[in-house]
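> Quick one: sequence and predicted model below, then my questions.
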Amino acid sequence: MRSSRLRRAGALLVALALVACGGGGSHTSTPPLAGTGTTAGPPPLPVLPEVASVNGVAALTLTAQFDADARPAFFFNGVEVAPTIRVSPGDSIVIHFVNNLPAFCAPGVATDSNLHFHGFTSSPNAPGDNVITTFAAPGGTLDYTIQVNPDQPPGLYWYHTHPHGLSSWEVGNGMAGAIVIQGIANYVPATAGLRERVIVLRDVPNDNSLSAGESAHARRWAAAARAPRDDEGGGNACAPETDATPTINGLAQASIGIRPGETELFRVLNASGHRHFDLSLGGQPMTIVAQDGVPLSIYPGAPSTIVQTDIVIPPAGRIEFLVTGTAAPIPLISRCFQSGPVGDTDPQITLGQLADDATWSNPDNGVTQTRVRKPFASLRRSQYYASTMPPPSAERAIQFQEDANGFYLNGAQYSPTAAPAIVAQHGTTEEWTLENDTGEVHDFHIHQVHFIVESVNGVPVPQPHWVDTLVLPPEGVGVQGQLIPSLTKVLLDFRDPVIVGTFVYHCHILDHEDGGMMAKIQVQ
């Protein structure tokens, strides 16, 4: 049973009074959107529909409503799917967002919803990327205009709903989609002309109700008080998962077409609410070229590539890597990930395989997956992302805490009416020490900016580069048996004036965020 299902008190009361608002249904995978043909093993990877910019604008209508299983979902052109949005630096994303989710029955509480554009260096003010005060009530609409920064690095980003208290339920059930910013070949020439795969990983709860597992956190805390920790001789084995179904582009398993000797660009998004995916290709090397939307090579001194045989992608993380096909099929595995002595355990699963698609019948269903390098006049080397961070003007400590009642940052739970916990000056950088005082990992994310990881528990990071999502190790046990918090130092960049405004930072394990592990920052 997962430990992280805590919702705000109002949402819990609402969940007990649901009428036609979902509850108890089992999950069935969405049928493939594209990709037909026959091959040994799982069906071909579905190709997600795309909305590409035309004359500098990517425009679409996105509707939130319950699907046939009474799950909150995105609908696009009448189909249950979150389309991939494909733009270039300097373009605009224009979304007419319709909230057709049903209202809850408790007075004054409803299934409000909104959108967040994760990883964007953009304005936090409406009609842009504002999640603090911008909501569409049931039956309401929102009109977003997101200006893609001309300096925005090309890579994989994403959009998802972000109503505090409902984020885990909405995102976990599928209200999220990918955004590709074109032009990565201008920074990583090896990607030019490669067939690319946009891969969205989810971990869909088997119980679709908002109240599912809401007391699990308290139960796990009670059990942890009675049992030894893993690092004290307790057990936390990767047992089979029973409360959620991992999916890859909507399927339980899929075959990804790749010819022997062919190199492809995989762009992988972890759109789950709380699952960590530790990807492995049977020991085959994976050459990472970008993380969290930013090519590694942009930051001065960073490597152009990092080669690994497994890649941990935390909730909300994105990894772009190159892989080369072999004559025999390659298994695509997510290995066991243990999130700490009192945390969740994500067991090993098989997501599918990489296999030669030369004999498949129309594997892409007419949708080409080959992208040719196209220079963009608006693409320029970012004056911020491509420059070394100057010395920080301020140092801060952020404590991640939890107990049986909820989750906290520096002892406080999130309140939308509270004053900003931090006031920073635009044009500056800051050094934050992220202190994890708990027995499970947390997943640090801050809106509007990326950051550089300096060190973890005093050990310098050997290959620093830009990220926007970061796993914080759990606390450890000292030689005297005392608990020692983990300490991670990061440099945050507030130099771009476009981010002036108020936004949030939080744990992107969304049950934790819903439970209070979020705070506001104002950049002025």
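Arrived safely, thanks for sending. Treat the numbers as computed from the prediction; the structure is a model and nothing was measured. Residues are numbered from 1 along each chain as shown.

> what's the pLDDT at the most centrally placed residue in the chain?
Nearest to the mean C-alpha position of the chain, by Cα atoms, centre = their mean, lies residue 316 at 1.2 Å. At residue 316 the predicted local confidence, pLDDT, stands at 98.

> Run through the residues that contact it.
Contacts for residue 316 (Cβ atoms under 8 Å, 6 or more residues apart in numbering) come out as 118, 158, 270, 271, 443, 445, 468, 469, 508. To be clear about C-beta, it is placed using only N, CA and C from the backbone, and glycine gets the same treatment.

> With residue 260 instead?
Applying Cβ under 8 Å, 6+ apart, the residues near residue 260 are 325, 326, 327, 356.

> The first one and residue 199: what is the separation?
To tie it back to what came earlier, the one meant is residue 325. 16 Å (Cβ to Cβ, to the nearest Å).

> now the second one
Summarising the geometry, the distance separating residue 326 from residue 199, computed by Cβ to Cβ, is 19 Å.

> Likewise for the third one?
As judged by Cβ to Cβ, residue 327 and residue 199 stand 23 Å apart.

> What of the last one?
If you measure residue 356 against residue 199 using Cβ to Cβ, the figure is 19 Å.

> With residue 360 instead?
18 Å.

> So which of these two has more stuff around it?
Neighbours were counted for residue 360 and for residue 199 using other Cβ atoms under 10 Å; residue 199 has more, 24 against 17.

> Just give the closest residue to that one, not the sequence neighbours.
Leaving out its chain neighbours, the residue that sits closest to residue 199 by Cβ to Cβ, 6 or more residues apart in numbering is residue 268, at 4.6 Å.

> The one you found falls within a strand, correct?
Yes: counting by DSSP: H, G, I helix; E, B strand; the rest coil, one finds residue 268 located in a strand.

> what comes up buried for stretch 191-203?
Judged by neighbour count (16 or more other Cβ atoms under 10 Å), stretch 191-203 contains these buried residues: 191, 194, 195, 196, 197, 198, 199, 200, 201, 202, 203.

> now the residues you listed in a markdown table, with pLDDT and secondary structure?
Below are the buried residues of stretch 191-203 laid out as a markdown table (pLDDT from 0 to 100; DSSP: H, G, I helix; E, B strand; the rest coil):
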| residue | pLDDT | secondary structure |
| --- | --- | --- |
| 191 | 94 | helix |
| 194 | 94 | coil |
| 195 | 94 | strand |
| 196 | 95 | strand |
| 197 | 96 | strand |
| 198 | 97 | strand |
| 199 | 98 | strand |
| 200 | 98 | strand |
| 201 | 98 | strand |
| 202 | 97 | strand |
| 203 | 95 | strand |
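
> Tabulate those (TSV), appending distance to residue 437.
Below are the buried residues of stretch 191-203 laid out as TSV (distance: Cβ to Cβ, whole Å):
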residue	distance to residue 437
191	41
194	44
195	45
196	41
197	39
198	37
199	34
200	33
201	29
202	30
203	26
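
> before we move on, what SS does residue 454 have?
strand.

> same question, residue 169
The three-state label given to residue 169 by three-state DSSP is helix.

> how close does it sit to residue 510?
9 Å.

> Which residue ranges of the stretch 201-350 of the chain form helices?
Counting by DSSP state H, counting those that start in this stretch, the stretch 201-350 of the chain has helices at residues 216-226.

> what pairs with residue 146 across the strands?
For residue 146, the beta-bridge partners under DSSP bridges are residue 93.

> Use 45 as the first number from now on
Taking 45 as the first residue, the last one we looked at is residue 190.

> looking at it, it is touching residue 166, isn't it?
Yes: the pair residue 190 / residue 166 is scored as a contact, 5.9 Å apart, by Cβ atoms under 8 Å.

> Next up, phi/psi of residue 555, please.
Dihedral angles of residue 555 (phi, psi; degrees, to the nearest 10) stand at phi -60, psi -40.

> which residues touch residue 211?
Residues near residue 211 by Cβ under 8 Å, 6+ apart: 204, 205, 317, 554, 557, 558.

> What of residue 292?
Taking Cβ under 8 Å, 6+ apart as the contact definition, residue 292 lies against 89, 243, 244, 245, 298, 376, 395, 396.

> can you tell me how far it sits from residue 244?
With Cβ to Cβ as the criterion, residue 292 and residue 244 are 8 Å apart.

> Break this protein into its domains for me.
With domains defined by automatic domain parsing, the chain comprises 53-228, 248-399, 438-567.

> Just give me how far the first one sits from the chain centre.
For domain 53-228, the separation from the chain centroid amounts to 12 Å (computed by Cα atoms, centre = their mean, to the nearest Å).

> try the second one
Distance of domain 248-399 from its chain centroid, counting by Cα atoms, centre = their mean, is 11 Å.

> How far does it stretch from one end to the other?
Criterion Cα to Cα, to the nearest Å; first-to-last residue distance in domain 248-399 is 26 Å.

> give the contact list for residue 243.
89, 292, 293, 300, 310, 311, 312, 313.

> Could you identify the most distant pair in the residues you listed?
300 and 313 (14.9 Å; Cβ to Cβ).

> Mean confidence (pLDDT) on stretch 307-314, please.
pLDDT averaged over stretch 307-314 gives 98.

> swap that for stretch 89-108, please
96.

> same question, stretch 532-545
Stretch 532-545 comes out at a mean pLDDT of 96.

> Would you map the helices across the stretch 95-244 of the chain?
For the stretch 95-244 of the chain, the helices defined by DSSP H, counting those that start in this stretch cover 211-216.

> can you list the weak-confidence ranges in it?
Along the stretch 95-244 of the chain, the model assigns pLDDT under 70 to residues 149-154.

> for it, what spans make up the strands?
Along the stretch 95-244 of the chain, the stretches classed as strands by DSSP state E, counting those that start in this stretch are 101-110, 116-120, 123-124, 128-131, 136-143, 160-162, 185-191, 199-204, 220-225, 240-249.

> what angle separates the last one from strand 199-204?
Relative orientation of strand 240-249 versus strand 199-204 (axes from the mean of the first three to the mean of the last three Cα atoms, to 10 degrees): 30 degrees.

> on that earlier part again, of all the contacts of residue 292, which comes closest to residue 146?
Looking across these and measuring by Cβ to Cβ, the closest to residue 146 is residue 244, at 25.7 Å.

> quick one: that closest one and residue 315 touch, right?
Yes: contact between residue 244 and residue 315 holds when scored by Cβ under 8 Å: they sit 5.2 Å apart.

> Give me the common contacts of these two.
220, 221, 222.

> tally of neighbours for the second one?
Neighbour count for residue 221, taken as other Cβ under 10 Å: 24.

> hang on, isn't it packed against residue 129?
Yes: using Cβ under 8 Å, residue 221 is in contact with residue 129, at 7.1 Å.

> hey, what's in contact with both of those two?
Common contact partners of residue 221 and residue 129 (Cβ under 8 Å, 6+ apart): residue 203.

> could the contacts of residue 292 go into CSV alongside distance to residue 428?
As requested, the contacts of residue 292 are exported to CSV (distance: Cβ to Cβ, whole Å):
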residue, distance to residue 428
89, 35
243, 29
244, 28
245, 30
298, 38
376, 35
395, 36
396, 38
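
> follow-up on the earlier one: who has more neighbours out of residue 190 and residue 166?
Shown here are residue 190 and residue 166; by other Cβ under 10 Å, residue 190 has more neighbours (23 against 20).

> The more buried one: what's it in contact with?
Neighbours of residue 190 in contact, by Cβ under 8 Å, 6+ apart: 136, 137, 138, 139, 161, 164, 166, 172, 173.

> Indicate which one of the strands of the stretch 95-244 of the chain is closest to residue 469.
Comparing those by Cβ to Cβ, strand 185-191 comes nearest, at 22.7 Å.

> tilt between the closest one and strand 220-225?
30 degrees.

> sec struct for residue 464, please.
Following three-state DSSP, the label given to residue 464 is coil.

> I'd assumed residue 547 was in contact with it.
No: Residue 464 is beyond contact range of residue 547, at 9.2 Å (criterion: Cβ under 8 Å).
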